[in-house]
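*Asks:* Below is the structure, and that's it, no one-letter string:
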């Protein structure tokens with residue numbers, strides 16, 4: 001920044017040099033905010049505050065242009081008196097209506113020294129805000145030839161009109177405000193488009209997954225109807241496990257959606273880790289038997305109870321076991337579940353398989369919601385839900401090994417109950 005020396009502007013008096021210095025400093029402050037503030041409302045409020053200060057005005061407003069209705073509306077209305085909220089909520093100007101509308105329509109700055117005698121003056125704005133306008137300066141905000149709105153300052157303090165310096169400074173402020181609004185709107189459109197694309201992809205993936213499950217349910221029920229009609233128990237015995245797996249799949253899917261869809265605090269309680277692991281193993285028993293997968297469990301490193309939310313940890317273990325089963329070939333494989341404790345009260349868990357592992361290019365993406373390598377067979381919610389459950393327990397989950405075989409490592413601080421936990425009320429234990 002080049003400093004303006006007092007003797008470099010010899011034709012100006014001290015007051016004018018002070019005004020210029022204050023205006024330049026304000027411009028630098030607002031320009032610096034452009035890159036730091038991502039909140040458009042906060043940026044426009046700051047521009048209004050600086051405008052009022054630099055121009056020496058009682059009030060300042062940012063009035064934006066609505067292309068759909070061809071109207072102007074008050075986005076920011078800043079003043080020491082009056083009802084500014086009412087002004088923002090009630091007043092909309094047609095193009096050419098009022099002094100602000102005239103400035104927008106003509107795209108020229110209007111400096112009005114006596115607002116009350118100007119035929120363009122829109123008195124309803126003063127009525128709505130209970131503010132008395134004496135003089136005002138209205139500057140159109142233009143970005144690359146496109147009208148964004150109007151920057152307006154009202155009632156010059158200690159003078160009957162705004163000075164040429166005020167006009168020049170406000171025209172520079174209007175350029176910054178116009179760029180801020182244009183950039184913010186562009187970002188909002190990009191975010192909206194990306195969100196819509198993501199939602200569309202998610203819905204498409206979930207729909208395929210549900211369709212596959214329903215197809216399995218329909219086929220199973222048709223076969224069971226046939227077995228009842230023919231009195232053939234053999235058909236029913238073959239079909240019943242398939243029906244159970246389909247019901248389990250849709251149950252898992254709904255539970256994952258519920259767990260993933262909203263933030264929550266886990267309701268920890270004292271529980272038996274071995275019982276949780278056995279419950280998860282029982283849930284995948286049919287799938288493991290079908291694919292000839294053997295499962296080994298080693299919980300010898302954990303003595304006593306654990307302090308967890310049973311349902312959440314069960315869902316996480318179930319998702320990891322299902323993923324391991326999907327990764328292993330039909331001809332068989334091995335899955336290991338191991339747990340141990342580390343001081344002071346940390347529980348560590350490991351789920352490992354001897355499948356092909358996770359390709360290097362997918363190691364970051366596997367945690368993304370709705371990302372799946374299973375095509376229509378998967379939702380992409382399993383690992384995302386598991387990671388969310390672990391994080392809600394203030395723990396971590398990592399892909400400790402990606403090949404050959406995959407190994408997921410979970411760390412849960414405060415999950416090992418101390419020896420005296422049985423003597424305390426259940427809700428009071430905080431590791």
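*Replies:* Sure thing, it's come through. Note that the structure is predicted; figures quoted are calculated from it, not measured.

*Asks:* how about stretch 130-150: buried residues?
*Replies:* Going by neighbour count (16 or more other CB atoms under 10 Å), the buried part of stretch 130-150 is 131, 133, 135-143, 147-150. Placement of C-beta: from N, CA and C, glycine included.

*Asks:* pLDDT weak spots in the stretch 51-200 of the chain?
*Replies:* The model of the stretch 51-200 of the chain has pLDDT under 70 over residues 80-89, 195-200.

*Asks:* Break down it into its strands, ranges please.
*Replies:* With DSSP state E, counting those that start in this stretch as the criterion, the stretch 51-200 of the chain has strands at 57-66, 71-79, 92-94, 110-112, 136-143, 146-156.

*Asks:* In JSON lines, list these along with distance to residue 214.
*Replies:* Shown next, in JSON lines, are the strands of the stretch 51-200 of the chain (distance: least, CB to CB, whole Å):
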{"stretch": "strand 57-66", "distance to residue 214": "46"}
{"stretch": "strand 71-79", "distance to residue 214": "49"}
{"stretch": "strand 92-94", "distance to residue 214": "50"}
{"stretch": "strand 110-112", "distance to residue 214": "66"}
{"stretch": "strand 136-143", "distance to residue 214": "51"}
{"stretch": "strand 146-156", "distance to residue 214": "50"}
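
*Asks:* So which of those strands is nearest residue 357?
*Replies:* If you check each of those against residue 357 by CB to CB, strand 136-143 wins as the nearest, at 51.7 Å.

*Asks:* Can you tell me how far the closest residue to residue 113 other than its chain neighbours is from residue 105?
*Replies:* Distance criterion CB to CB, 6 or more residues apart in numbering; nearest residue to residue 113, sequence neighbours excluded, is residue 161 at 3.7 Å. Distance, residue 161 to residue 105, by CB to CB, to the nearest Å: 22 Å.

*Asks:* So what's the residue count around the residue nearest to residue 113?
*Replies:* If you count neighbours by other CB atoms under 10 Å, residue 161 ends up with 15.

*Asks:* before we move on, what about residue 236?
*Replies:* Other residues within reach of residue 236, judged by other CB under 10 Å, total 18.

*Asks:* Show the backbone phi and psi for it.
*Replies:* phi -60, psi -40 (degrees, to the nearest 10).

*Asks:* same question, residue 119
*Replies:* Torsion angles, degrees, to the nearest 10, at residue 119: phi -60, psi -20.

*Asks:* Next: residue 360.
*Replies:* Torsion angles, degrees, to the nearest 10, at residue 360: phi -60, psi -40.

*Asks:* what's the distance between it and residue 229?
*Replies:* 53 Å.

*Asks:* mind listing what residue 298 touches?
*Replies:* 336-339 (CB atoms under 8 Å, 6 or more residues apart in numbering).

*Asks:* Roughly how far does the closest residue to residue 184 other than its chain neighbours sit from residue 220?
*Replies:* Of all residues not flanking residue 184 in the chain, residue 40 sits nearest, at 3.9 Å (CB to CB, 6+ apart). Per CB to CB, residue 40 is found 54 Å from residue 220.

*Asks:* ditto for residue 415
*Replies:* 39 Å.

*Asks:* what residues go with each domain of this structure?
*Replies:* Listed domain ranges for the chain are 6-189, 203-261, 269-428 (source: automatic domain parsing).

*Asks:* Looking only at neighbour counts, state which of residue 40 and residue 220 leads.
*Replies:* Between residue 40 and residue 220, counting by other CB under 10 Å, residue 220 is the more crowded of the two (21 against 16).

*Asks:* Return the set of buried residues in stretch 234-247.
*Replies:* Buried residues in stretch 234-247, counted by 16+ other CB under 10 Å: 235-236, 239, 242-243, 245-246.

*Asks:* quick one: which of the residues you listed is nearest residue 300?
*Replies:* residue 245 (31.5 Å).
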